[in-house]
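J.: Here you go, sequence then predicted model.
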Amino acid sequence: GAFSKSIQPSSFRSFSVSGEGEVVAIPDVAQFTFQVITQGGKDIAKLQKENTEKTNRAIEFVKSKGVEAKDIKTQSYALDPRYQYFQCPREGGSCPPPEIVGYTVTQTVSVKVRDFEKIGDILSGVIENGANSVSQLSFTIDDPDNLQSEARFQAIKKAQAKARAIAEAGGFRLGRLLSIQEGGYPIPIYDYA
């Protein structure tokens, strides 16, 4: 009938196994961000210049502690107006609109520190060199791709061993690997002969 034709014959000859790989790694970089906030009047160019000078001073300090340029990145740059609001007359009368009295420039810079012994010096030093605030420090792995590849390799090896054991117990030969699905861990699907 039509039903039996719609089913691929290979669907009767495959089975799936799962495997999990785990890699333990020690964090190798510390990350934090610092902000340089400059508030001033309506002269935007002057404000931007002042903010850039302070930011550059903080960056130069970070570099002087051995942090490479590639590990220092400007995350965001914002220019926000500051308004003066007026009290409105109680009855009728028109209310004057808010007026821009000046601007605030905020520059956020992210830093990766690879030498953990220098973290304390760098955090206190950026504040002394122009930064207004420093974010919380986090420790992380700089290159997680290598670790994921290693865990994937382990997972596939475990799944292959499981597939061989099932084939042996079932009295059939293991065929070619049909597919791998990764969702937390790879699931190799095997054909069997």
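T.: That came through, no problem. Numbers count the residues shown, from 1 in each chain.
J.: Just after the lowest-mean-pLDDT helix or strand in the chain, pick out the following helix or strand.
T.: Using mean pLDDT, DSSP states H and E, helix 2-6 stands out as the lowest-scoring helix or strand of the chain, at a mean of 49. With elements assigned by DSSP states H and E, the helix or strand that comes after helix 2-6 is strand 14-16.
J.: Strand partners (parallel or antiparallel) of that next one?
T.: strand 185-192 (antiparallel) (DSSP bridges).
J.: Where does pLDDT dip in this protein?
T.: 1-12, 144, 147, 183-193 (pLDDT under 70).
J.: Going along the chain, name the strands of it.
T.: Counting by DSSP state E, the chain has strands at residues 14-16, 29-40, 72-84, 99-113, 133-134, 138-140, 174-183, 185-192.
J.: Now distance to Val126 and mean neighbour count too, for those, in a markdown table please.
T.: Placement of C-beta: from N, CA and C, glycine included. Shown next, in a markdown table, are the strands of the chain (distance: least, Cβ to Cβ, whole Å; neighbours: other Cβ atoms under 10 Å):
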| stretch | distance to Val126 | mean neighbour count |
| --- | --- | --- |
| strand 14-16 | 53 | 14 |
| strand 29-40 | 5 | 19 |
| strand 72-84 | 11 | 12 |
| strand 99-113 | 8 | 18 |
| strand 133-134 | 6 | 14 |
| strand 138-140 | 16 | 12 |
| strand 174-183 | 40 | 13 |
| strand 185-192 | 41 | 18 |
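J.: Turn those strands into a markdown table, including distance to Lys54.
T.: Shown next, in a markdown table, are the strands of the chain (distance: least, Cβ to Cβ, whole Å):
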| stretch | distance to Lys54 |
| --- | --- |
| strand 14-16 | 59 |
| strand 29-40 | 5 |
| strand 72-84 | 13 |
| strand 99-113 | 8 |
| strand 133-134 | 13 |
| strand 138-140 | 24 |
| strand 174-183 | 46 |
| strand 185-192 | 48 |
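J.: wait, doesn't Ala108 sit right on Ser76?
T.: Just to correct that, residue 108 is Thr rather than Ala. Yes. Taking contacts as Cβ atoms under 8 Å, Thr108 lies within contact range of Ser76: 4.6 Å.
J.: Nearest to Glu168 among the strands of the chain would be which one?
T.: Evaluated over the strands of the chain, closeness to Glu168 peaks at strand 174-183, with 8.7 Å, by Cβ to Cβ.
J.: could you say what helices and strands the closest one packs with?
T.: Strand 174-183 is packed against helix 144-170, strand 185-192, with contacts defined by 3 or more Cβ pairs under 8 Å, 6 or more residues apart in numbering; DSSP states H and E.
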